[in-house]
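make a model of this:
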Amino acid sequence: MNGKLELSKPMRIMLLSMGILFGSIFFYKLVMMVVGKIVMSLHGNPIVTVSATTVGYQEWQPEVTAVGSLRAVVGVNVTCELAGMIRSLHFVPGSDVKEGDLLVQLNADPEVAQLHALEANAWIAKVTYERNKAQYGVKAISKETLDRNDADWQSAQAQVDQQAAVVLKKSVRAPFTGRLGICQVNPGQYINPGDVVTTLQTLNPIYADFYLPQQLLSEVKVGQLVTLKTDAFPNNMFTGKITTVNPAVQVNSRNVEVEATFENLNDELTPGMFVDLKVDTGTPKRYLTLPQTAVTFNPYGNIVYLVKTPPGKNKKYKLKNKKGTVPVYIVEQHFVKTGETRGDQVVVLGGIKEGDEVVTSGQVKLKNGTWVVINNSVIPGDAANTSFVDK
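The predicted structure follows:
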(Lines give C-alpha, C1' and ligand atoms only; values in the text may rest on other atoms or scores of the structure.)
Protein backbone atom coordinates (compact mmCIF):
# COMPACT_ATOMS: atom_id res chain seq x y z
CA MET A 1 0.00 0.00 0.00
CA ASN A 2 1.32 3.51 -0.85
CA GLY A 3 -0.70 5.37 1.90
CA LYS A 4 -3.79 6.08 -0.24
CA LEU A 5 -7.12 4.25 0.10
CA GLU A 6 -7.93 2.71 -3.20
CA LEU A 7 -11.41 1.36 -4.01
CA SER A 8 -11.74 -1.96 -5.53
CA LYS A 9 -13.16 -2.24 -8.98
CA PRO A 10 -16.43 -3.83 -7.80
CA MET A 11 -16.91 -0.99 -5.28
CA ARG A 12 -16.39 1.64 -7.97
CA ILE A 13 -18.92 -0.05 -10.21
CA MET A 14 -21.51 -0.18 -7.35
CA LEU A 15 -21.07 3.50 -6.48
CA LEU A 16 -21.36 4.51 -10.12
CA SER A 17 -24.53 2.47 -10.50
CA MET A 18 -26.09 4.05 -7.40
CA GLY A 19 -25.25 7.51 -8.70
CA ILE A 20 -26.85 6.78 -12.05
CA LEU A 21 -29.98 5.37 -10.31
CA PHE A 22 -30.53 8.36 -8.01
CA GLY A 23 -29.79 10.75 -10.84
CA SER A 24 -32.39 9.07 -13.02
CA ILE A 25 -35.03 9.31 -10.25
CA PHE A 26 -34.29 13.00 -9.70
CA PHE A 27 -34.45 13.71 -13.44
CA TYR A 28 -37.79 11.85 -13.74
CA LYS A 29 -39.35 13.87 -10.90
CA LEU A 30 -38.08 17.10 -12.41
CA VAL A 31 -39.47 16.25 -15.83
CA MET A 32 -42.91 15.30 -14.37
CA MET A 33 -43.10 18.57 -12.43
CA VAL A 34 -42.24 20.60 -15.52
CA VAL A 35 -44.77 18.69 -17.63
CA GLY A 36 -47.48 19.26 -14.97
CA LYS A 37 -46.83 22.98 -14.98
CA ILE A 38 -46.95 23.06 -18.76
CA VAL A 39 -50.29 21.17 -18.79
CA MET A 40 -51.77 23.47 -16.19
CA SER A 41 -50.62 26.53 -18.08
CA LEU A 42 -52.10 25.21 -21.31
CA HIS A 43 -55.51 24.29 -19.89
CA GLY A 44 -55.91 27.00 -17.24
CA ASN A 45 -58.92 26.94 -14.85
CA PRO A 46 -61.91 24.84 -16.07
CA ILE A 47 -64.99 26.74 -17.26
CA VAL A 48 -68.22 25.74 -15.47
CA THR A 49 -71.70 26.05 -16.96
CA VAL A 50 -74.27 27.55 -14.58
CA SER A 51 -77.70 29.18 -14.61
CA ALA A 52 -78.17 32.68 -13.24
CA THR A 53 -80.84 35.25 -12.48
CA THR A 54 -80.96 38.97 -11.84
CA VAL A 55 -81.88 40.01 -8.31
CA GLY A 56 -85.11 42.03 -8.11
CA TYR A 57 -87.97 43.02 -5.85
CA GLN A 58 -91.19 41.03 -5.46
CA GLU A 59 -94.48 42.02 -3.84
CA TRP A 60 -95.53 39.53 -1.20
CA GLN A 61 -99.02 39.52 0.22
CA PRO A 62 -98.83 38.98 4.01
CA GLU A 63 -100.71 35.80 4.69
CA VAL A 64 -101.45 33.06 7.16
CA THR A 65 -101.73 29.46 5.98
CA ALA A 66 -103.61 26.63 7.61
CA VAL A 67 -105.35 23.34 6.93
CA GLY A 68 -108.96 22.66 7.72
CA SER A 69 -112.10 20.77 6.81
CA LEU A 70 -115.39 21.66 5.19
CA ARG A 71 -118.73 21.66 6.95
CA ALA A 72 -122.25 22.16 5.67
CA VAL A 73 -123.99 25.35 6.73
CA VAL A 74 -126.94 23.10 7.58
CA GLY A 75 -126.56 19.34 7.65
CA VAL A 76 -128.40 16.60 9.53
CA ASN A 77 -129.11 12.91 9.64
CA VAL A 78 -132.77 12.55 8.72
CA THR A 79 -134.58 10.46 11.35
CA CYS A 80 -138.14 9.74 12.46
CA GLU A 81 -139.75 10.88 15.71
CA LEU A 82 -142.03 7.87 16.14
CA ALA A 83 -141.52 4.15 15.69
CA GLY A 84 -143.33 2.40 12.90
CA MET A 85 -143.27 0.27 9.77
CA ILE A 86 -142.08 1.95 6.58
CA ARG A 87 -144.90 1.92 4.06
CA SER A 88 -143.15 3.74 1.19
CA LEU A 89 -140.09 5.79 0.24
CA HIS A 90 -140.58 9.01 -1.72
CA PHE A 91 -137.03 10.13 -2.54
CA VAL A 92 -134.12 9.23 -4.79
CA PRO A 93 -130.74 8.98 -3.00
CA GLY A 94 -128.42 11.82 -4.01
CA SER A 95 -131.22 14.03 -5.30
CA ASP A 96 -131.95 17.63 -4.37
CA VAL A 97 -135.09 18.22 -2.33
CA LYS A 98 -136.93 21.26 -1.05
CA GLU A 99 -138.08 21.99 2.45
CA GLY A 100 -141.27 20.04 3.26
CA ASP A 101 -140.86 17.38 0.56
CA LEU A 102 -142.11 13.95 1.69
CA LEU A 103 -139.26 11.46 2.14
CA VAL A 104 -140.69 8.48 4.05
CA GLN A 105 -144.23 7.46 4.85
CA LEU A 106 -144.74 5.22 7.90
CA ASN A 107 -147.85 3.10 8.47
CA ALA A 108 -150.29 5.47 10.20
CA ASP A 109 -153.59 3.57 9.88
CA PRO A 110 -154.20 3.13 13.66
CA GLU A 111 -153.33 6.75 14.34
CA VAL A 112 -155.63 7.97 11.54
CA ALA A 113 -158.52 5.86 12.91
CA GLN A 114 -157.95 7.29 16.37
CA LEU A 115 -157.96 10.76 14.85
CA HIS A 116 -161.35 10.17 13.24
CA ALA A 117 -162.78 8.97 16.57
CA LEU A 118 -161.51 12.07 18.35
CA GLU A 119 -162.87 14.27 15.59
CA ALA A 120 -166.31 12.71 16.14
CA ASN A 121 -166.08 13.39 19.86
CA ALA A 122 -165.08 16.95 19.17
CA TRP A 123 -168.01 17.36 16.76
CA ILE A 124 -170.58 16.13 19.26
CA ALA A 125 -169.04 18.35 21.96
CA LYS A 126 -169.37 21.33 19.64
CA VAL A 127 -172.99 20.49 18.78
CA THR A 128 -173.81 20.15 22.47
CA TYR A 129 -172.24 23.50 23.24
CA GLU A 130 -174.13 25.25 20.42
CA ARG A 131 -177.45 23.72 21.51
CA ASN A 132 -176.98 24.64 25.17
CA LYS A 133 -175.85 28.11 24.17
CA ALA A 134 -179.29 28.67 22.58
CA GLN A 135 -181.01 27.33 25.69
CA TYR A 136 -178.91 29.56 27.89
CA GLY A 137 -180.24 32.51 25.89
CA VAL A 138 -183.77 31.77 27.17
CA LYS A 139 -182.47 30.98 30.66
CA ALA A 140 -183.24 27.26 30.28
CA ILE A 141 -179.83 26.20 31.66
CA SER A 142 -177.30 27.74 33.98
CA LYS A 143 -174.10 29.51 32.99
CA GLU A 144 -172.09 26.80 34.76
CA THR A 145 -173.55 24.12 32.49
CA LEU A 146 -172.73 26.18 29.38
CA ASP A 147 -169.15 26.73 30.58
CA ARG A 148 -168.72 23.01 31.16
CA ASN A 149 -169.97 22.30 27.63
CA ASP A 150 -167.49 24.84 26.26
CA ALA A 151 -164.63 23.21 28.20
CA ASP A 152 -165.62 19.76 26.90
CA TRP A 153 -165.57 21.07 23.35
CA GLN A 154 -162.16 22.73 23.76
CA SER A 155 -160.70 19.58 25.36
CA ALA A 156 -162.04 17.38 22.56
CA GLN A 157 -160.59 19.73 19.95
CA ALA A 158 -157.20 19.70 21.71
CA GLN A 159 -157.18 15.90 21.57
CA VAL A 160 -157.92 16.12 17.85
CA ASP A 161 -155.00 18.49 17.33
CA GLN A 162 -152.70 16.23 19.35
CA GLN A 163 -153.63 13.16 17.35
CA ALA A 164 -153.29 15.08 14.08
CA ALA A 165 -149.72 15.94 15.11
CA VAL A 166 -149.05 12.24 15.73
CA VAL A 167 -150.34 11.41 12.25
CA LEU A 168 -148.09 14.10 10.73
CA LYS A 169 -145.07 12.60 12.51
CA LYS A 170 -145.69 9.38 10.62
CA SER A 171 -144.63 11.29 7.50
CA VAL A 172 -140.87 12.11 7.44
CA ARG A 173 -140.32 15.32 5.47
CA ALA A 174 -137.22 17.32 4.47
CA PRO A 175 -136.53 19.89 7.22
CA PHE A 176 -134.77 22.22 4.76
CA THR A 177 -133.66 22.48 1.15
CA GLY A 178 -130.55 20.46 0.34
CA ARG A 179 -129.07 17.31 -1.16
CA LEU A 180 -129.87 13.83 0.12
CA GLY A 181 -127.33 11.11 0.79
CA ILE A 182 -127.46 7.34 0.65
CA CYS A 183 -130.72 5.69 1.72
CA GLN A 184 -130.28 3.63 4.90
CA VAL A 185 -133.74 2.00 5.09
CA ASN A 186 -136.13 -0.09 2.99
CA PRO A 187 -139.92 -0.37 2.63
CA GLY A 188 -141.38 -2.84 5.15
CA GLN A 189 -138.59 -2.14 7.64
CA TYR A 190 -139.52 -1.30 11.23
CA ILE A 191 -137.60 1.72 12.51
CA ASN A 192 -137.33 3.30 15.92
CA PRO A 193 -137.02 6.98 16.85
CA GLY A 194 -133.51 8.20 16.03
CA ASP A 195 -132.78 5.60 13.33
CA VAL A 196 -131.07 7.29 10.36
CA VAL A 197 -133.05 7.33 7.14
CA THR A 198 -130.51 9.32 5.09
CA THR A 199 -128.40 12.46 5.33
CA LEU A 200 -129.39 15.92 4.13
CA GLN A 201 -126.78 18.64 3.47
CA THR A 202 -126.88 22.14 2.04
CA LEU A 203 -123.88 22.58 -0.27
CA ASN A 204 -124.07 26.25 -1.19
CA PRO A 205 -122.73 28.12 0.67
CA ILE A 206 -120.35 25.95 2.68
CA TYR A 207 -118.21 26.47 5.78
CA ALA A 208 -114.47 25.85 6.17
CA ASP A 209 -113.27 25.35 9.75
CA PHE A 210 -109.58 25.75 10.62
CA TYR A 211 -107.39 26.51 13.61
CA LEU A 212 -104.68 29.14 14.12
CA PRO A 213 -102.22 29.60 17.01
CA GLN A 214 -103.14 32.30 19.50
CA GLN A 215 -100.20 34.53 18.51
CA LEU A 216 -101.89 35.06 15.12
CA LEU A 217 -105.21 36.08 16.64
CA SER A 218 -104.48 39.80 16.22
CA GLU A 219 -103.92 39.33 12.47
CA VAL A 220 -107.22 37.57 11.73
CA LYS A 221 -110.50 39.48 11.50
CA VAL A 222 -114.01 38.89 10.22
CA GLY A 223 -114.33 39.85 6.56
CA GLN A 224 -110.75 39.02 5.52
CA LEU A 225 -110.27 37.25 2.18
CA VAL A 226 -109.58 33.50 2.35
CA THR A 227 -108.34 31.32 -0.51
CA LEU A 228 -109.10 27.60 -0.48
CA LYS A 229 -107.60 24.73 -2.43
CA THR A 230 -108.18 20.99 -2.29
CA ASP A 231 -106.41 18.07 -3.93
CA ALA A 232 -109.77 16.87 -5.25
CA PHE A 233 -109.74 19.83 -7.68
CA PRO A 234 -106.03 20.85 -7.89
CA ASN A 235 -106.62 23.32 -10.73
CA ASN A 236 -109.40 25.25 -8.98
CA MET A 237 -109.15 27.89 -6.28
CA PHE A 238 -112.11 29.06 -4.22
CA THR A 239 -112.39 32.42 -2.49
CA GLY A 240 -114.42 33.27 0.56
CA LYS A 241 -114.38 35.41 3.68
CA ILE A 242 -113.94 34.86 7.38
CA THR A 243 -117.38 34.96 8.98
CA THR A 244 -116.65 33.93 12.57
CA VAL A 245 -113.63 33.92 14.88
CA ASN A 246 -114.27 31.89 18.01
CA PRO A 247 -114.02 34.23 21.01
CA ALA A 248 -112.46 31.48 23.17
CA VAL A 249 -108.98 29.96 22.74
CA GLN A 250 -108.71 26.22 23.32
CA VAL A 251 -106.96 25.60 26.64
CA ASN A 252 -105.21 22.39 25.60
CA SER A 253 -103.75 23.52 22.28
CA ARG A 254 -103.85 27.35 22.62
CA ASN A 255 -105.42 27.49 19.16
CA VAL A 256 -108.40 29.52 18.08
CA GLU A 257 -111.06 28.17 15.72
CA VAL A 258 -111.91 30.23 12.65
CA GLU A 259 -114.86 29.79 10.31
CA ALA A 260 -114.88 30.98 6.69
CA THR A 261 -117.78 30.87 4.24
CA PHE A 262 -117.39 29.99 0.54
CA GLU A 263 -119.73 30.00 -2.41
CA ASN A 264 -120.10 26.55 -3.94
CA LEU A 265 -122.07 27.20 -7.09
CA ASN A 266 -120.99 24.00 -8.86
CA ASP A 267 -121.26 21.81 -5.75
CA GLU A 268 -117.58 20.85 -6.08
CA LEU A 269 -116.92 21.22 -2.36
CA THR A 270 -118.51 18.70 -0.03
CA PRO A 271 -118.71 18.54 3.78
CA GLY A 272 -115.81 16.70 5.44
CA MET A 273 -113.32 17.48 2.67
CA PHE A 274 -109.71 18.27 3.73
CA VAL A 275 -108.53 21.65 2.39
CA ASP A 276 -105.58 24.05 2.40
CA LEU A 277 -106.38 27.66 3.27
CA LYS A 278 -104.61 30.99 2.99
CA VAL A 279 -105.76 34.16 4.75
CA ASP A 280 -104.65 37.57 3.41
CA THR A 281 -103.77 39.60 6.50
CA GLY A 282 -102.48 42.97 5.24
CA THR A 283 -101.26 45.09 2.35
CA PRO A 284 -98.58 43.72 -0.04
CA LYS A 285 -94.92 44.38 0.87
CA ARG A 286 -91.84 44.62 -1.38
CA TYR A 287 -88.96 42.25 -0.69
CA LEU A 288 -85.65 41.51 -2.41
CA THR A 289 -86.00 37.82 -3.28
CA LEU A 290 -84.01 34.97 -4.80
CA PRO A 291 -84.80 31.38 -5.74
CA GLN A 292 -83.95 29.20 -2.75
CA THR A 293 -81.63 27.16 -5.00
CA ALA A 294 -79.39 30.22 -5.38
CA VAL A 295 -78.50 30.21 -1.68
CA THR A 296 -76.11 27.69 -0.15
CA PHE A 297 -77.20 27.33 3.46
CA ASN A 298 -74.37 26.58 5.90
CA PRO A 299 -73.99 26.65 9.71
CA TYR A 300 -71.35 29.37 9.38
CA GLY A 301 -73.41 31.53 7.00
CA ASN A 302 -75.49 31.54 3.84
CA ILE A 303 -73.59 32.01 0.56
CA VAL A 304 -74.40 33.14 -2.96
CA TYR A 305 -72.16 33.47 -6.00
CA LEU A 306 -72.30 36.77 -7.89
CA VAL A 307 -71.56 36.72 -11.61
CA LYS A 308 -69.00 39.36 -12.55
CA THR A 309 -67.46 40.52 -15.82
CA PRO A 310 -63.68 39.89 -15.79
CA PRO A 311 -61.48 43.03 -15.89
CA GLY A 312 -60.51 44.22 -19.37
CA LYS A 313 -62.02 43.24 -22.68
CA ASN A 314 -59.52 40.65 -23.90
CA LYS A 315 -60.78 38.10 -26.39
CA LYS A 316 -59.78 35.29 -24.03
CA TYR A 317 -63.05 36.00 -22.19
CA LYS A 318 -65.04 34.51 -25.05
CA LEU A 319 -65.83 30.83 -25.51
CA LYS A 320 -66.71 29.19 -28.81
CA ASN A 321 -69.19 26.36 -28.95
CA LYS A 322 -71.65 24.86 -31.42
CA LYS A 323 -74.00 27.83 -31.02
CA GLY A 324 -71.32 30.43 -31.54
CA THR A 325 -69.34 32.60 -29.19
CA VAL A 326 -70.62 33.11 -25.63
CA PRO A 327 -69.23 35.44 -22.95
CA VAL A 328 -67.24 34.04 -20.06
CA TYR A 329 -67.54 35.45 -16.52
CA ILE A 330 -66.02 34.93 -13.11
CA VAL A 331 -67.88 34.41 -9.83
CA GLU A 332 -67.40 35.96 -6.41
CA GLN A 333 -68.58 34.38 -3.18
CA HIS A 334 -70.75 36.60 -0.96
CA PHE A 335 -72.39 36.02 2.41
CA VAL A 336 -76.07 37.01 2.59
CA LYS A 337 -78.66 37.39 5.34
CA THR A 338 -81.90 35.61 4.52
CA GLY A 339 -85.41 35.94 5.89
CA GLU A 340 -88.81 34.40 5.28
CA THR A 341 -89.26 31.68 2.68
CA ARG A 342 -92.35 31.21 0.55
CA GLY A 343 -92.74 28.61 -2.15
CA ASP A 344 -89.50 28.55 -4.20
CA GLN A 345 -88.38 31.98 -3.01
CA VAL A 346 -86.43 33.35 -0.05
CA VAL A 347 -86.19 36.94 1.16
CA VAL A 348 -82.66 38.44 1.14
CA LEU A 349 -82.18 41.03 3.88
CA GLY A 350 -78.55 41.92 3.14
CA GLY A 351 -75.40 41.05 1.22
CA ILE A 352 -76.62 41.77 -2.31
CA LYS A 353 -78.56 44.52 -4.06
CA GLU A 354 -81.10 44.89 -6.83
CA GLY A 355 -79.61 44.25 -10.26
CA ASP A 356 -76.90 41.81 -9.13
CA GLU A 357 -76.66 38.62 -11.15
CA VAL A 358 -76.59 35.50 -8.98
CA VAL A 359 -75.87 31.86 -9.82
CA THR A 360 -78.98 29.72 -9.30
CA SER A 361 -77.58 26.24 -10.07
CA GLY A 362 -74.16 24.59 -10.39
CA GLN A 363 -72.68 26.03 -7.17
CA VAL A 364 -71.12 22.70 -6.17
CA LYS A 365 -68.31 23.21 -8.71
CA LEU A 366 -67.69 26.86 -7.84
CA LYS A 367 -65.23 28.78 -5.71
CA ASN A 368 -63.95 32.34 -5.74
CA GLY A 369 -62.61 33.23 -9.19
CA THR A 370 -64.11 30.27 -11.06
CA TRP A 371 -64.75 30.96 -14.75
CA VAL A 372 -68.35 30.34 -15.84
CA VAL A 373 -70.66 30.54 -18.81
CA ILE A 374 -74.40 31.05 -18.34
CA ASN A 375 -76.98 28.66 -19.76
CA ASN A 376 -80.58 29.40 -18.71
CA SER A 377 -82.25 26.83 -20.92
CA VAL A 378 -83.27 25.02 -17.72
CA ILE A 379 -83.85 27.23 -14.69
CA PRO A 380 -84.95 26.36 -11.13
CA GLY A 381 -88.42 27.26 -9.88
CA ASP A 382 -88.88 30.84 -8.68
CA ALA A 383 -92.52 31.15 -7.64
CA ALA A 384 -93.96 32.16 -4.29
CA ASN A 385 -96.93 30.29 -2.81
CA THR A 386 -96.46 27.21 -4.98
CA SER A 387 -99.28 25.43 -3.16
CA PHE A 388 -101.74 28.05 -4.48
CA VAL A 389 -100.42 28.52 -8.03
CA ASP A 390 -102.43 26.98 -10.85
CA LYS A 391 -100.56 24.18 -12.54
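
residue contacts, Val249?
Residues in contact with Val249 (Cβ atoms under 8 Å, 6 or more residues apart in numbering) are 214, 217, 255-256. The C-beta positions use only the backbone N, C-alpha and C, and glycine is treated the same way.

same check on Val307?
50, 52, 329-331, 357-359, 372, 374.

roughly how far apart are it and Thr54?
Shown here: Val307 relative to Thr54, a distance of 9 Å by Cβ to Cβ, to the nearest Å.

what's the overlap in contacts for those two?
With Cβ under 8 Å, 6+ apart as the test, Val307 and Thr54 both reach 357-358.

return the residues in contact with Lys98.
174, 177.

pull the most distant pair out of the contacts of Val307.
Greatest spacing in these, by Cβ to Cβ: Ile330 and Val358 (13.8 Å).

and the chain, split by domain according to the record?
47-60+285-384, 63-106+177-282, 108-169 (automatic domain parsing).

I'd like these laid out as a markdown table, including distance to Ser24 and mean pLDDT.
Putting those into a markdown table (distance: least, Cβ to Cβ, whole Å; pLDDT from 0 to 100) gives the following:
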| stretch | distance to Ser24 | mean pLDDT |
| --- | --- | --- |
| domain 47-60+285-384 | 38 | 83 |
| domain 63-106+177-282 | 74 | 91 |
| domain 108-169 | 116 | 86 |
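
dump those domains to CSV, plus distance to Phe26.
Shown next, in CSV, are these (distance: least, Cβ to Cβ, whole Å):
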stretch, distance to Phe26
domain 47-60+285-384, 34
domain 63-106+177-282, 71
domain 108-169, 114
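
of all the ones you listed, which one is nearest Phe27?
Closest approach to Phe27 among the domains of the chain is made by domain 47-60+285-384 (34.5 Å; Cβ to Cβ).

show me how far that closest one is from its chain's centre.
Relative to its parent chain, domain 47-60+285-384 has a centroid offset of 32 Å by Cα atoms, centre = their mean, to the nearest Å.

now swap in stretch 191-200 and tell me
That offset, for stretch 191-200, works out to 34 Å (Cα atoms, centre = their mean).

for that stretch, list every residue counted as buried.
For stretch 191-200, burial by neighbour count (16 or more other Cβ atoms under 10 Å) applies to 191, 196-200.

repeat for stretch 225-240
Buried residues in stretch 225-240 (16+ other Cβ under 10 Å): 226-230, 238, 240.

restricted to strands, list those.
226-229, 238, 240 (DSSP state E).

including distance to Lys367, could the residues you listed go into CSV?
Output for these, formatted as CSV (distance: Cβ to Cβ, whole Å):
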residue, distance to Lys367
Val226, 47
Thr227, 44
Leu228, 47
Lys229, 42
Phe238, 49
Gly240, 52
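
closest one of the residues you listed to Leu82?
Gly240 (40.1 Å).

if I pick the closest residue to the closest one other than its chain neighbours, what's in contact with it?
With Cβ to Cβ, 6 or more residues apart in numbering as the criterion, Gly240 has its nearest non-adjacent residue at 3.5 Å, and that residue is Phe262. Going by Cβ under 8 Å, 6+ apart, Phe262 touches 205-208, 226, 228, 238-240, 269.
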